[in-house]
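Chemist: below are the sequence and a predicted model for it; my questions follow.
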Amino acid sequence: MRGEIRWLDDAVTTAALAAQALDVEVGQIANSLVFTLDGEPVLVMTSGAHRVDTDFLGARLGGVLGRASKDVVRDATGQVIGGVAPVGHPAPVRTLVDTALAQYDVVWAAAGHAKTVFPTSFDELVRITGGEPTAVVAEDG
C-alpha cells in the first residue's frame, strides 16, 4: 500500500477533512505547508494535530518564518494550496518534517491535488523529501 495514490470522493483541503475521509487520527495527516524563511520558500510537513509555531520554528532556523502567498506556493511547488505534495516540485525546496509524525506507523500526505493522498511513513517522508526532522511547535505549545 505504501505510495499508492488514493483518489477521494471529495476535496480534503484540511487535516480534519482528510482524517475523516480516511478514518484515521488527524495527527496522521502530514500537512504540506509552505512558508518563507527570510524570503525563501520552505516546505514544512507538519502533523495535522497542531499548527506550526512560526516564532518558535523561525528562531530554531535562525530567521523570520512567515506564511507564503498562494503565488509563492505555486511557484515553489508547481501546485496549489490544498493539495501540495511533499515531492514533485519544479526545483528542490528546503523541507522540514515534523517529528510528531514519527509516532505513527502510517502517515498520509497530499499527492498534488485536493482529492488525492498517499500513505507513507515518517522515515520514508524524510527520505523522499530529503527533509530535516524537527519539532515545529514548542514542547509546551
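Modeler: Great, that's in hand.

Chemist: what about residue 78, how many residues nearby?
Modeler: 14 (other C-beta atoms under 10 Å). Just so you know, the C-beta spots here come from the backbone N, C-alpha and C atoms, and that holds for glycine as well.

Chemist: next: residue 9.
Modeler: Residue 9: 7 neighbours (other C-beta under 10 Å).

Chemist: and it, what element?
Modeler: Assessed by DSSP states H and E, residue 9 sits outside every helix and strand.

Chemist: go on, residue 16?
Modeler: Here residue 16, judged by DSSP H and E, is contained in helix 15-22.

Chemist: likewise residue 117?
Modeler: Here residue 117 sits within strand 116-120, counting by DSSP H and E.

Chemist: pull up the pairing partners for that strand, direction included.
Modeler: strand 6-7 (antiparallel), strand 107-110 (antiparallel) (DSSP bridges).

Chemist: show the contacting residues for residue 132.
Modeler: 94, 95, 96, 97 (C-beta atoms under 8 Å, 6 or more residues apart in numbering).

Chemist: and the following helix or strand past the helix holding residue 16, what does it pack against?
Modeler: Counting by DSSP H and E, the next helix or strand C-terminal to helix 15-22 is strand 29-37. Packing partners of strand 29-37 (3 or more C-beta pairs under 8 Å, 6 or more residues apart in numbering; DSSP states H and E): helix 15-22, strand 40-47, helix 54-61, strand 65-67, helix 70-77, strand 94-98, strand 107-110.

Chemist: strand 29-37 - what's its average pLDDT?
Modeler: Across strand 29-37, the average pLDDT comes to 96.

Chemist: and for stretch 44-52?
Modeler: 95.

Chemist: follow-up on the earlier one: residues in contact with the strand holding residue 117?
Modeler: 1-8, 12, 18, 22, 30, 83, 106-111, 128.
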